[in-house]
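Asker: coordinates for the following, if possible.
(one chain, ligands or ions: 1)
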Amino acid sequence: MAILEDDVARVRAATDIVALIGEHAALKRQGTRWVGLCPFHQEKTPSFSVNAEMGVYYCFGCQRSGDVITFVREIDGLDFVEAVRRLAERAGITITEDSQATAERQWRKPLFAALSEAVTFYHERLISSPDAGPARDYLRSRGYDGDVVRRFQLGWAPDDWDTLARHIRVPDKVLTDAGLGFVNRLGRQQDAFRARVMFPIFDPSGRAVALGGRILPGRPDASGTPGPKYKNSQEGPVYSKRRTLYGLNWAKLDVVASGEVVVCEGYTDVIAFFMAGLPRAVATCGTALGEEHFRLLRNFARRVVLAYDADAAGQAGASRVYEWERHHEVDVAVAALPAGSDPADLAVEDPEALRKAVSEAQPFLAFRLERVLNSADLRSAEGRAKAAEAAMAVVAEHPNELVRDQYVMVVADRTRLEPQALRSLADRQSRSGAQVGAGRLSSNGPSEGADTDAAAPVSGASRRPRSPGRETQRAGLEALRLAVHEPELVAQRLEPVLFADETQRAAFEVLLASQNLHEALELAEERGEDVAVLLRRLAVEEPLADPDDVVVQLVRFASRRALVEIDAQARLSPDSFVELATLSSRIKKDLEELEDPGLVNEAAERLLAWLVARDEESA
Ligand SMILES: [Zn+2]
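Answerer: Okay, here's the model as predicted:
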């Protein structure tokens, strides 16, 4: 954080969110909210809402949400500090930067300067130096003209020990921290790169943070060893692979405009997509796509298209992909590139094919399913049965039951099996433990009104947090809406233990711990993005349900969940069986009284007190 918290708060307070967003979208007043067409996604009916009092927005279409700072970051592709500076300027506020941050910036400044100088040096060598002839030939052979070379600031690191070090003349520590070189055993500065075509790597705001170097085909460097094909800067104070995406600085405008980012495997792939007229590609730098990359990408786009070689895409860990989708609220799709094809070649030979692969990208699950079904022998009954098993195992990995069920129909269609047979196959697969944690695949859950949690199997040994049923989710949301908008109606009657969904529970705890909604939003951001998103959404919604009903329903669901656990426990521990069975029948009786209008209030109070005590005990 390079800006004082106080200043951030002042900037937030001084910015009228309705006026700010009004510069990008027409907003109309509707009750306590302002609504309009979302500036972040294409839509015909308004799903974008602003709560002016709390200073937050939420879109029911694309789920983007935030405050004035988030809005400026997303709409203009800025980082946090830049966004605060811009808003400060707009509001006429002078901000001071705190001394520690300033010191840190001072310390990193020479690193950025050295990197920037290195980029220029290598670039000029490539363009004009006689020793760069073979590099220029190589780039021309890949279809790169002068525009491409200039746009991507490509360079040439001469085949020598210390050309760069002698040119930029920086202290040893700057050279090494910037990843540009090292000090050898004789105490002399050496370059990190030699005889390589250089691809400078920038942060989203366009500062050079690292370099990637590629050897020329068939040309070892002077040390005689060809070395790896690609070599990247060492990580250091200004460069972290986990947090860097090559190309984002050039791609961000098109990524924001299209709402989509293409993630490919290497620098030359990124350039290939730009050449093919899709300037929204990025690549990881010598590391696999991970959590932090998604955190960065979600500021810019909601759709992530993996443009990998089909085998590489097939191997992306399914559970991680679904987790990213859920946690960062992005959709991950796969652009199936023709097998064995190289985007760089396609960009020159058939750019249309490259564009088509992206526009026809399939959801991750659909892509994996296709691979399984396409490699199966669907001509014989045995082959179809085998294919069905493999396909259902893939389907079962998806965490959302509604999504799974739609793919059951796809598998049924292709394998000519009854959907119901596939569902029971999936149930058997999950019971046999083959799909631990994948959730159950079943559409014949408990009947209407019953809560799905209560019927979920509980295995004493390896209990994972199950995702709560839809009814529980809905009741939890209603309760939170009330807690946000009409706290006096529910505040005394809700407890964290009533919320089965972890995010909902966290949101409620945040509300309990704060004096007002502004404070709650700040706390929520500390708890996690999903909690903050939920609170912003609640801020633009209105409570619909009756407070008494909501409270009773939550107590009912929470008690049933506890009851299932107690019954399971009773089966597993014969010693305390009697005690647990007594408890169980007492809870069942209270649950019955919950349905009696004359007894409901007292029963609810007893159950809630018991749930709270039980929760405290286990904590
Ligand atoms: Zn939207």
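
Asker: where in the stretch 401-550 of the chain is pLDDT low?
Answerer: Across the stretch 401-550 of the chain, the ranges flagged by pLDDT under 70 are 430-468.

Asker: residue numbers of the stretch 51-200 of the chain in contact with the ion?
Answerer: 59, 61, 62 (C-beta under 5 Å from the ion). In short, each C-beta sits where N, CA and C put it, glycine included.

Asker: got the residues you listed as a markdown table, with distance to residue 592 columns?
Answerer: Below are those laid out as a markdown table (distance: C-beta to C-beta, whole Å):
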| residue | distance to residue 592 |
| --- | --- |
| 59 | 44 |
| 61 | 43 |
| 62 | 45 |
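
Asker: all helices for the stretch 251-400 of the chain, in order.
Answerer: 267-275, 291-297, 310-315, 318-328, 343-349, 351-359, 364-374, 381-396 (DSSP state H, counting those that start in this stretch).

Asker: correction: the previous question concerned the stretch 401-550 of the chain.
Answerer: With DSSP H, counting those that start in this stretch as the criterion, the stretch 401-550 of the chain has helices spanning 401-415, 419-431, 452-455, 470-485, 487-490, 502-513, 517-527, 529-539, 547-572.

Asker: quick one: the helices of the stretch 251-400 of the chain as CSV, columns for mean pLDDT and distance to residue 579 too.
Answerer: Shown next, in CSV, are these (pLDDT from 0 to 100; distance: least, C-beta to C-beta, whole Å):
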stretch, mean pLDDT, distance to residue 579
helix 267-275, 93, 64
helix 291-297, 83, 44
helix 310-315, 65, 50
helix 318-328, 78, 39
helix 343-349, 82, 66
helix 351-359, 90, 62
helix 364-374, 87, 46
helix 381-396, 89, 37
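
Asker: ok, of the residues of the stretch 51-200 of the chain next to the ion, which one's closest to residue 419?
Answerer: residue 61 (30.6 Å; C-beta to C-beta).

Asker: may I have the phi/psi pair for that closest one?
Answerer: Main-chain dihedrals, residue 61, degrees, to the nearest 10: phi -90, psi -60.

Asker: tell me the contacts of it?
Answerer: 38, 41, 43, 47, 48 (C-beta atoms under 8 Å, 6 or more residues apart in numbering).

Asker: ok, and of those, which contact the ion?
Answerer: Among the contacts of residue 61, the ion is touched by 38, 41 when using C-beta under 5 Å from the ion.

Asker: what subset of the contacts of residue 61 is buried?
Answerer: Buried members of these, scored by 16 or more other C-beta atoms under 10 Å, are 38, 41, 47, 48.

Asker: hmm, residue 243 is touching residue 293, no?
Answerer: Yes - Residue 243 is within contact range of residue 293, at 7.4 Å (criterion: C-beta atoms under 8 Å).

Asker: neighbour count for the two, which is higher?
Answerer: residue 293 (23 against 16; other C-beta atoms under 10 Å).

Asker: thought that one was touching residue 284?
Answerer: Yes - contact criterion C-beta under 8 Å: residue 293 and residue 284 qualify, at 6.3 Å.

Asker: of the contacts of residue 61, which is the nearest to the ion?
Answerer: Nearest to the ion among these: residue 38, at 3.0 Å, using C-beta to the ion.

Asker: who touches that closest one in this structure?
Answerer: Taking C-beta under 8 Å, 6+ apart as the test, what residue 38 contacts is 25, 46, 47, 48, 59, 61, 62, 64.

Asker: same question for residue 112.
Answerer: 207, 208, 209, 238.

Asker: list buried residues within those residues.
Answerer: 208, 209, 238.

Asker: is the first one bridged to anything, and to what?
Answerer: Beta-bridge pairing of residue 208, defined through DSSP bridges, involves residue 202.

Asker: so it makes contact with residue 202?
Answerer: Yes - counting by C-beta under 8 Å, residue 208 touches residue 202, with 5.5 Å between them.

Asker: which residues are in contact with stretch 144-162?
Answerer: 119, 121-127, 129, 131-132, 135, 139, 163-164, 181, 188-191, 193-200, 211, 213, 221-222, 250, 271, 274-275.

Asker: check the separation of the first and last residues in it.
Answerer: 28 Å (C-alpha to C-alpha, to the nearest Å).

Asker: let me see the mean pLDDT of that stretch.
Answerer: Averaged over stretch 144-162, pLDDT sits at 95.

Asker: what angle separates the helix or strand encompassing residue 611 from helix 547-572?
Answerer: Take DSSP states H and E as the rule and residue 611 turns out to sit in helix 600-618. Helix 600-618 runs at 50 degrees relative to helix 547-572, counting by axes from the mean of the first three to the mean of the last three C-alpha atoms, to 10 degrees.

Asker: return the alpha-carbon coordinates of helix 600-618 using PDB.
Answerer: In PDB, the C-alpha atoms belonging to helix 600-618 read as follows (Å, rounded to 0.1, in the frame of the first residue of the first chain):
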ATOM      1  CA  VAL A 600     -43.000 -22.100  17.500                       C
ATOM      2  CA  ASN A 601     -41.400 -19.100  19.300                       C
ATOM      3  CA  GLU A 602     -40.300 -20.900  22.300                       C
ATOM      4  CA  ALA A 603     -39.100 -24.000  20.400                       C
ATOM      5  CA  ALA A 604     -37.000 -21.700  18.100                       C
ATOM      6  CA  GLU A 605     -35.500 -20.000  21.100                       C
ATOM      7  CA  ARG A 606     -34.500 -23.300  22.700                       C
ATOM      8  CA  LEU A 607     -33.100 -24.700  19.500                       C
ATOM      9  CA  LEU A 608     -31.100 -21.600  18.900                       C
ATOM     10  CA  ALA A 609     -29.700 -21.500  22.400                       C
ATOM     11  CA  TRP A 610     -28.700 -25.200  22.000                       C
ATOM     12  CA  LEU A 611     -27.100 -24.600  18.500                       C
ATOM     13  CA  VAL A 612     -25.100 -21.700  19.900                       C
ATOM     14  CA  ALA A 613     -23.800 -23.700  22.800                       C
ATOM     15  CA  ARG A 614     -22.900 -26.600  20.600                       C
ATOM     16  CA  ASP A 615     -21.100 -24.300  18.200                       C
ATOM     17  CA  GLU A 616     -19.100 -22.800  21.000                       C
ATOM     18  CA  GLU A 617     -18.200 -26.200  22.400                       C
ATOM     19  CA  SER A 618     -16.800 -27.400  19.000                       C
END
